[in-house]
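**Student:** build me a model from this:
(4 chains)
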4 protein chains.
Amino acid sequence: MAHTIKEKQQLLARLRRIRGQIEAIEHALEEERGCEVIMQQIASVRGAIAGFMAEVVEDHVRTHLVDTTSFPKALNQEATEQLIAVIRTYLK
Amino acid sequence: MAHTIKEKQQLLARLRRIRGQIEAIEHALEEERGCEVIMQQIASVRGAIAGFMAEVVEDHVRTHLVDTTSFPKALNQEATEQLIAVIRTYLK
Amino acid sequence: MAHTIKEKQQLLARLRRIRGQIEAIEHALEEERGCEVIMQQIASVRGAIAGFMAEVVEDHVRTHLVDTTSFPKALNQEATEQLIAVIRTYLK
Amino acid sequence: MAHTIKEKQQLLARLRRIRGQIEAIEHALEEERGCEVIMQQIASVRGAIAGFMAEVVEDHVRTHLVDTTSFPKALNQEATEQLIAVIRTYLK
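**Tutor:** Residues are numbered from 1 along each chain as shown, chains lettered A, B, ... in the order given. Now for the predicted structure:
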């Protein structure tokens, strides 16, 4: 996982933001904020996690399904883009 | 799509069952059945459609991502199974 | 369910459109259209079913949680709208 | 939100477990664990957040839709249980 240093840093930054969102829900709950605030916060963090999952799955598809060093032309680009579009639609 | 006659027949059979489930909801609505019956029927048809989608996506991954005639060994089996397991989890 | 004739007709019209979408997928499959076409069609029908479910659940909340003839002022409007907003977000 | 001290403590405990799951994904990413491990961890945290959301929505339905001090008998118990069952099905 995390195939370049830059990718890894970006994924870690996303996770830290998600952790911050969880902490914000903890604070809202401790301060007895209204249900509607907390329900919106949970919907946001759910969206952020879905986006993170889509990123990881996309990375998995592009990097691991085919060993591109041994088979540089084997992965069908069009079919790959179609798959990733479907994954993004379903994971949002 | 539908790479063998058998696969195509199976997918068509699943779609016909889904169509039957939609018709059953129409009848329940016409007969003014209770909300709870209709909500359960919708939850069932949603599950059936998710299962159908998972089947089509799995088929797409196995058949189209790599031209297995030209590159018979290029698709990493383990990574493919991991991807399909994730898709099944998210589409159910 | 379907508390007025107009509501019932609208829900039945939605279901007939959903049934038409299922039939279109059957035709696409019979004609061996590409996976990407079929995956997009399934994503559409899934969205339509989610929207139908949201409609039925909203109707259930507004009509059945409180007997508004006996308790005309009991249902908290603001809390009801918040709940329906959450349901719509999650069912889309 | 969090209508009794006990409920609030239970919700906070759930959130802390979710935060711990996010931290575990950060560690897995830093240690360059395999995609499949990380995808399973994300699927778990997504399930935990969905369960938390279901809990908050259920609490909202039971506590806020009707002011039970003024209208102690207004909330239809059967319709409420049906709604909560649907929410639990969709949010898992």
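
**Student:** only C-alpha atoms for contact and neighbour calcs from this point on.
**Tutor:** Fine.

**Student:** now the angle between helix D:35-64 and the lengthiest helix in chain A, please.
**Tutor:** Of all the segments of type helix in chain A, defined by DSSP state H, the longest one is helix A:35-64. Here the directions of helix A:35-64 and helix D:35-64 differ by 170 degrees (axes from the mean of the first three to the mean of the last three CA atoms, to 10 degrees).

**Student:** and the helix or strand just after helix A:35-64, which residues are buried?
**Tutor:** Downstream of helix A:35-64, the next assigned helix or strand under DSSP states H and E is helix A:77-91. Neighbour-count burial for helix A:77-91 flags A:A79, A:T80, A:E81, A:Q82, A:L83, A:I84, A:A85, A:V86, A:I87, A:R88, A:L91 (criterion: 16 or more other CA atoms under 10 Å in any protein chain shown).

**Student:** same check, this time on stretch A:59-75
**Tutor:** With burial defined by 16+ other CA under 10 Å, the residues of stretch A:59-75 counted as buried are A:D59, A:H60, A:V61, A:R62, A:H64, A:L65, A:V66, A:D67, A:A74, A:L75.

**Student:** can you give me the end-to-end span of it?
**Tutor:** The distance separating the two terminal residues of stretch A:59-75, taken as CA to CA, to the nearest Å, comes to 14 Å.

**Student:** contacting chain B as well, which ones from the buried residues of stretch A:59-75?
**Tutor:** By CA under 8 Å from any CA of the partner chain, the members of those lying near chain B are A:H60, A:V61, A:H64, A:L65, A:V66, A:D67, A:A74, A:L75.

**Student:** of all pairs in those residues, which one is the farthest apart?
**Tutor:** The distance between the two most remote of those (CA to CA) is 15.7 Å, for A:H60 and A:A74.

**Student:** does A:F71 touch B:A74 like I think?
**Tutor:** Yes. Between A:F71 and B:A74 there is a contact at 6.2 Å, judged by CA atoms under 8 Å.

**Student:** and chain A, which residues reach chain C?
**Tutor:** Within chain A, the positions lying close to chain C (CA under 8 Å from any CA) are A:E36, A:M39, A:Q40, A:A43, A:Q82, A:V86, A:T89, A:Y90.

**Student:** just give me the least confident of the buried residues of helix A:77-91.
**Tutor:** In terms of pLDDT, the lowest of the buried residues of helix A:77-91 is A:L91, showing 78.

**Student:** my read is that that residue contacts A:A48, right?
**Tutor:** No. Checked against CA under 8 Å, the pair A:L91 and A:A48 is beyond contact range at 10.1 Å.

**Student:** count the residues that sit near the closest residue to A:V86 other than its chain neighbours.
**Tutor:** Spatial nearest neighbour of A:V86, chain neighbours left out: C:M39 (7.2 Å); criterion: CA to CA, 6 or more residues apart in numbering or on different chains. Counted with other CA atoms under 10 Å in any protein chain shown, the burial measure for C:M39 works out to 21 neighbours.

**Student:** now do the one 10 residues further on
**Tutor:** Other residues within reach of C:I49 by the criterion other CA under 10 Å amount to 22.

**Student:** what does the pLDDT read for it?
**Tutor:** Reading off the model, C:I49 has pLDDT 95.

**Student:** could you check how far it is from D:G47?
**Tutor:** Relative to D:G47, C:I49 is positioned 22 Å away (criterion: CA to CA).

**Student:** what do you get for A:F52?
**Tutor:** Noted for A:F52: a distance of 14 Å to D:G47, by CA to CA.

**Student:** who has more neighbours, these two?
**Tutor:** Neighbours per residue (other CA under 10 Å) separate A:F52 from D:G47, with A:F52 holding more: 20 against 16.

**Student:** now do the same contact list for that one.
**Tutor:** A:L11, A:R14, A:L15 (CA atoms under 8 Å, 6 or more residues apart in numbering or on different chains).

**Student:** CSV for those residues, including secondary structure, pLDDT and neighbour count?
**Tutor:** Below are the contacts of A:F52 laid out as CSV (DSSP: H, G, I helix; E, B strand; the rest coil; pLDDT from 0 to 100; neighbours: other CA atoms under 10 Å in any protein chain shown):
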residue, secondary structure, pLDDT, neighbour count
A:L11, helix, 94, 18
A:R14, helix, 96, 17
A:L15, helix, 97, 20
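
**Student:** list, out of those residues, those positioned next to chain D.
**Tutor:** Within the contacts of A:F52, those near chain D by CA under 8 Å from any CA are A:L15.

**Student:** could you single out the nearest of the contacts of A:F52 to D:E7?
**Tutor:** Distance to D:E7 across the contacts of A:F52 (CA to CA) is lowest for A:L15, with 27.6 Å.

**Student:** from chain B, how far out is that closest one?
**Tutor:** 19 Å (CA to the nearest CA, to the nearest Å).

**Student:** ok, that residue touching D:I22?
**Tutor:** Yes. The criterion here is CA under 8 Å, and A:L15 meets it with D:I22 at 7.0 Å.

**Student:** the least confident helix or strand in chain A by mean pLDDT: how far from the chain's middle?
**Tutor:** Considering only helices and strands, the least confidently modelled element of chain A by mean pLDDT, DSSP states H and E is helix A:77-91, at a mean of 90. Relative to the centre of its chain, helix A:77-91 is centred 14 Å away, using CA atoms, centre = their mean, to the nearest Å.
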